[in-house]
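Q: Let's see this in three dimensions:
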Amino acid sequence: MIFMLCAIIIATLAVLFLSIYFYLDKKVIYKDLRNKHVVITGGSSGIGKAAAAEAVKLGGDVTIIGRDVQKLTSVVNELTALRSPDSKQKIQYVSLDVTSDYQTIEKRLSDLEAEVGPIFMLVTCAGMCICGQFETMKPEEIKQMIDLNYFGTAYPTRYVLPGMKKRNEGIIVFVSTEAALIGIYGYSAYGAAKWAVRGLAESVLMELVGTKVSLTLAFPADTDTPGFVNEERTKPRETKLISGSGGLQSPEEVGKKMMHDALNGKTYSVFGASGTILSTLFCGSIESFQQVIFQCFLMGLLRAISVGIILSFHKIVRDGLRERKVCENSKTK
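A: Below you'll find the predicted structure:
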């Protein structure tokens, strides 16, 4: 009986290995970005700025996209200072609202390619978060987050995909969040927008099968950016307790790892233990043989761990609800 069970396990693993070996696309790995045009939305601050700095250090011609011309000009000067003295790298900015209509984005990016060269790498860092219980959020805030987080990713991607596929090379990087892997109190509108980004990524990934164009989906947790400072102003206490359990990362660490994961052909760029557990449990695309084996053998254990974590989040919410009721009752007396 034991022999039969072992034989079945070995046969299953063999089939898995052979299937992945023969049918999973081989990763295209790049050592640097020399003579490559890198475009980064949201590149004037936070993770986008850090990713742009790393792209410059790797030799790329870098274009950052944002709305504030003064900030963009300042960051371009900082990035230019990172070049080696004899470098001919092009560092520039484009002032563009990525929530504009598609035709506007298409025209600006087309003009940019004509000036600098075809876009080899697109990194979509433009995003924002307004927290709060869904029933108290303003409808315009919900739309604003969908427009910037989702369409601000979808529209530039829609533009670059045909060219990348035609040239049969290119890298796309989506910046999502761990809140796109698990529902979190206070992140209802923001999480929904980022879940849409995740859904777009995993669908486009399948459309890229058979090509040498890759897509990397990043899931950073709380990161110490100007956007995070604004986010903290709207966070309910429960959200702070839940999201704060994962610690606070630096944009430099996130930007650097994300860029190198993308150059190494990784499908997912995750940060810390929480990102590893959540992406293993809930991400659908096949990245490697090791990933599949890891999922097959540890899915049950990781699910048990995640249940404990989710229940601890539920306790935080219940405690907050109880405290508010006590406070309300004391006011009515």
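Q: Could you list every helix and strand in contact with the longest helix seen in the chain?
A: Longest helix in the chain, counting residues (DSSP state H): helix 289-332. Packing contacts for helix 289-332, counted by 3 or more CB pairs under 8 Å, 6 or more residues apart in numbering; DSSP states H and E, involve helix 2-23, helix 237-243, helix 272-282. All C-beta spots, glycine's among them, are computed from the backbone N, C-alpha and C.
Q: Least confident of those, on average?
A: Ranked on mean pLDDT, the bottom entry among the helices and strands packed on helix 289-332 is helix 2-23, at a mean of 65.
Q: could you point out which element follows it?
A: Once the chain leaves helix 2-23, the next helix or strand it forms, by DSSP states H and E, is strand 37-41.
Q: can I assume residue 62 sits in a strand?
A: Yes - counting by DSSP: H, G, I helix; E, B strand; the rest coil, residue 62 is found in a strand.
Q: Report how many residues lie close to residue 84.
A: 10 (other CB atoms under 10 Å).
Q: go on, residue 258?
A: 28.
Q: Which residues are in contact with residue 99?
A: Counting by CB atoms under 8 Å, 6 or more residues apart in numbering, residue 99 makes contact with 147-148, 151-152.
Q: I misspoke; the intended subject was residue 153.
A: 41, 124, 126, 174, 197, 200.
Q: Kindly reformat those residues as TSV containing neighbour count.
A: Compiled in TSV, the contacts of residue 153 are given as follows (neighbours: other CB atoms under 10 Å):
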residue	neighbour count
41	26
124	27
126	26
174	26
197	23
200	19
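Q: need the helices for the stretch 151-300 of the chain, in chain order.
A: 152-167, 188-207, 226-234, 237-243, 251-263, 272-282, 289-332 (DSSP state H, counting those that start in this stretch).
Q: And those helices: which comes nearest residue 135?
A: helix 188-207 (9.1 Å; CB to CB).
Q: Tell me what angle that closest one forms with helix 152-167.
A: Computed by axes from the mean of the first three to the mean of the last three CA atoms, to 10 degrees, the angle separating helix 188-207 from helix 152-167 equals 10 degrees.
Q: list the contacts for residue 147?
A: residue 99.
Q: and stretch 161-168, how far out from the chain's middle?
A: In terms of CA atoms, centre = their mean, to the nearest Å, the centre of stretch 161-168 is set 22 Å apart from its chain centre.
Q: Stretch 122-133 now?
A: From the chain centre to the centre of stretch 122-133 is a distance of 10 Å (CA atoms, centre = their mean).
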